[in-house]
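*Asks:* pasted the sequence and its predicted model underneath.
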Amino acid sequence: MQAIFSGIPKPANPTIWLMSIGKRIRSLRLTKGMKQGELAGRIGIKQASLSEIEHGHTAQPAGDTLLKLAVALDTNPHWIQTGRGSPVLPTETTPDESEAIALFRALPDQLRAAWLAAGRSLLAHSPAKASKTKPFPATVK
């Protein structure tokens, strides 16, 4: 399954995009394993207020509350508000990552597999363990 946010699989039922704001918020909260009181505390509102939002008893959260919800739930505020677009926040890339992506995209299809194989080989033969922040650690001379 394709990931849509923070490693959460895309729901089999695409009606999540047709949900109300409250149902989208509730779905995200439950996916993150949070209780109403925990999320409410993180964003500085009462648990009862969050319940009102989730159950549709509030037309729409105030702008600052919507932004705080988006931050706390690590998601796109536009998606929470409208259900359009992706719930995934764009990931910022470094200039080197952007260049690597541009180079990869410029390659003909038959060379892309070789590019990927070279990268996997570099990782497999790296003397230091790769990490998320430094996938290609410096080699020891």
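*Replies:* Arrived safely, thanks for sending.
*Asks:* tell me where this structure has helices.
*Replies:* With DSSP state H as the criterion, the chain has helices at 21-31, 36-43, 47-54, 63-72, 77-82, 95-106, 109-124.
*Asks:* can you give the distance from the fourth one to the centre of its chain?
*Replies:* Between the mean C-alpha location of helix 63-72 and the chain-wide mean there is a distance of 15 Å, by CA atoms, centre = their mean, to the nearest Å.
*Asks:* what residues sit buried inside it?
*Replies:* Buried residues in helix 63-72, counted by 16 or more other CB atoms under 10 Å: 65-66, 68-70, 72. Any C-beta I mention is one placed from the backbone N, CA and C, and that applies to glycine too.
*Asks:* so what does that helix touch, helix or strand wise?
*Replies:* Packing partners of helix 63-72 (3 or more CB pairs under 8 Å, 6 or more residues apart in numbering; DSSP states H and E): helix 36-43, helix 77-82.
*Asks:* going by mean pLDDT, which of these comes out lowest?
*Replies:* Comparing the helices and strands packed on helix 63-72 by mean pLDDT, the weakest confidence falls on helix 77-82, with a mean of 87.
*Asks:* which single one of the buried residues of helix 63-72 is nearest to Thr94?
*Replies:* For those, the minimum distance to Thr94 (CB to CB) is 24.1 Å, reached by Ala70.
*Asks:* tell me how many other residues crowd Arg24.
*Replies:* 23 (other CB atoms under 10 Å).
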